[in-house]
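Colleague: sharing a sequence plus its predicted fold:
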Protein chains: 2
Amino acid sequence: MSGTAFGLGVGPGDPDLITVKALAILKRVPVIAYPAPDGGDSLVRAIAAPHLPGGQTEIVVSTPMVAGCHPAHDVYDRYADEISAHLSDGRDVAILCEGDPFFYGSFMYLFERLAGTHPVQVVPGVSSLGACAAAAGMPLVSRQDVLAIVPAPLGEAELEARLRDVPAAAVMKVGRHLDKVRRVLSRLGLVDCARYVERATMAGERVLPLDAMDDAEAPYFSMILVRRDGARP
Amino acid sequence: MSGTAFGLGVGPGDPDLITVKALAILKRVPVIAYPAPDGGDSLVRAIAAPHLPGGQTEIVVSTPMVAGCHPAHDVYDRYADEISAHLSDGRDVAILCEGDPFFYGSFMYLFERLAGTHPVQVVPGVSSLGACAAAAGMPLVSRQDVLAIVPAPLGEAELEARLRDVPAAAVMKVGRHLDKVRRVLSRLGLVDCARYVERATMAGERVLPLDAMDDAEAPYFSMILVRRDGARP
């Protein structure tokens, strides 16, 4: 009988923001798998680390991160095969995901390779979106508000079009796109109602009004939240 | 010394989708507060119920739900006063929120009344968005995808404009707006890439392709997820 692959949302950074459900699965599976940049440390493993019982088989899904490029698909083919072998032998595998598995995660590339042939169960997690709003003390949306989730790497014109007439927006993955996002929000008259959030719920969390953020670049784990009517509901 | 008010995300429905952090706070506070429709049962209390230690003071924030209308603001003034009295006496109060506190929750109305005068801490939770995507086995967004979060009660023309050219969308609070949403998605040629999700992670969870959903209305806790390129990434 096949084991089950779990897409396990472990939350945005604070290890205590894992769910009771994900924690129970994390502790009992014989195999865990997690992404790590080629040669670097895995953030998601660090989030899960305080909860690991020890003695589990670990599969490091090592993805060469070429700036702006997508890891070659054969990388995921190879890791899906490795995970499949455990599942076929009846062992459950937890694939650890930062935040929520289906919200801008790389888990989907393993999901699409495994879901046809093995049982796959996705355990939702606290996303960076909720974590950043909580850190900023900034209610995002209520009632009939539309919310646009917009990745910062988009081209400047598209970014502007996507942000032009929405009541609220979250600009994800700010990183080296900070200046571009600032220019766009400035043209739209939205800088005053934007907050910058870095490493929400993690060590080094920073929250400040966007117009007080003077750095030229931001880390990858940063977000800009915008509410057209200002920071208060 | 003032107590702290916690905006406590308890997750989308499955009691085990509460976070370890929220659970610890829930168990130790002397006072909990939660919304309930006038004269009805509180869903969020039901989600938290298996975890309650007993003996806590409970404040039922009873909100008269007039269809399409917003509870009168003096209702929130009154409950904020009641919560404030506990905080001023040094007692912590956990305000229970379905899903995530700042994602379409009524918590924001208490937050804006309390945050100026007492310590308020927001604990993010698993949102209905992540829960529905997980239930549907439908990765929402990856890489540079824009995601539009659109409440179904919007007017038909605005709904169509908001859904017209986005790669992915979540239509929230479908309820009695099901037919309207179906018409809009049909005109946009998006019915085939839409899934209907009802009561995700709760008893009675239902997931089906939108074109197989024949009911005239949906419950309030339902969502339609759309990916322009279909259900698979």
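Modeller: All right, it came through fine. Please read all numbers here as calculations on a predicted model, not as lab measurements.

Colleague: name the next helix or strand downstream of the biggest helix by length in chain A, please.
Modeller: Longest helix of chain A, by residue count under DSSP state H: helix A:73-88. Sequence-wise, the next helix or strand downstream of helix A:73-88 (DSSP states H and E) is strand A:93-97.

Colleague: now find how far off-centre that next one is within its chain.
Modeller: 14 Å (Cα atoms, centre = their mean, to the nearest Å).

Colleague: list the buried ones in the helix or strand that it is followed by?
Modeller: Downstream of strand A:93-97, the next assigned helix or strand under DSSP H and E is helix A:107-114. Using 16 or more other Cβ atoms under 10 Å in any protein chain shown as the test for burial, helix A:107-114 gives A:Phe107, A:Met108, A:Tyr109, A:Leu110, A:Phe111, A:Arg113, A:Leu114. Bear in mind the C-beta positions are built from the backbone N, C-alpha and C, glycine included.

Colleague: now, which of the residues you listed sits nearest chain B?
Modeller: Comparing the buried residues of helix A:107-114 against chain B with Cβ to the nearest Cβ places A:Met108 closest, at 3.7 Å.

Colleague: now the residue lying closest to that closest one once chain neighbours are set aside. Its backbone dihedrals?
Modeller: Computed as Cβ to Cβ, 6 or more residues apart in numbering or on different chains, the closest residue to A:Met108 that is not its neighbour in sequence is B:Pro139, at 3.7 Å. B:Pro139 adopts backbone torsions of phi -60, psi 130, taken as degrees, to the nearest 10.

Colleague: next up, the contacts around B:Pro139.
Modeller: Counting by Cβ atoms under 8 Å, 6 or more residues apart in numbering or on different chains, B:Pro139 makes contact with A:Phe102, A:Gly105, A:Phe107, A:Met108, A:Phe111, A:Glu112, B:Ala133, B:Arg227, B:Arg232, B:Pro233.

Colleague: relative to B:Ala216, how far out is it?
Modeller: 30 Å (Cβ to Cβ, to the nearest Å).

Colleague: again with A:Val181
Modeller: Distance of A:Val181 to B:Ala216, computed by Cβ to Cβ: 43 Å.

Colleague: go on, A:Asp100?
Modeller: 32 Å.

Colleague: so which of these two has more stuff around it?
Modeller: A:Asp100 (31 against 7; other Cβ atoms under 10 Å in any protein chain shown).

Colleague: now the longest helix of chain A: average pLDDT?
Modeller: For helix A:73-88, the mean per-residue pLDDT is 93.

Colleague: so where do the helices sit in chain A?
Modeller: In chain A, helices defined by DSSP H lie at A:20-28, A:43-48, A:73-88, A:107-114, A:128-136, A:156-163, A:178-187, listed in chain order.

Colleague: out of the ones you listed, which comes closest to B:Asp165?
Modeller: Across the helices of chain A, B:Asp165 has its closest neighbour in helix A:156-163 (9.1 Å, Cβ to Cβ).

Colleague: who touches the closest one?
Modeller: Helix A:156-163 has contacts (Cβ under 8 Å, 6+ apart) with A:148, A:150, A:152, A:154, A:169, A:171, A:180-181, A:183-185, A:187-188, A:190, A:226, B:146.

Colleague: just curious, which of those residues is nearest to A:Asp38?
Modeller: Of all these, the one with the least separation from A:Asp38 (Cβ to Cβ) is A:Ala152, at 22.9 Å.

Colleague: number of nearby residues for the closest one?
Modeller: Per other Cβ under 10 Å, the neighbour tally for A:Ala152 reads 22.

Colleague: repeat for the one 4 residues further on
Modeller: Other residues within reach of A:Glu156, judged by other Cβ under 10 Å, total 13.

Colleague: could you check how far it is from chain B?
Modeller: Per Cβ to the nearest Cβ, to the nearest Å, A:Glu156 is found 13 Å from chain B.

Colleague: per-residue pLDDT of that residue, please?
Modeller: So, for A:Glu156, pLDDT stands at 97.

Colleague: if I look at the closest residue to A:Pro153 other than its chain neighbours, how far off is A:Pro151?
Modeller: Spatial nearest neighbour of A:Pro153, excluding adjacent residues (Cβ to Cβ, 6+ apart): B:Gln144 at 5.4 Å. From B:Gln144 across to A:Pro151, the span is 5 Å (Cβ to Cβ).
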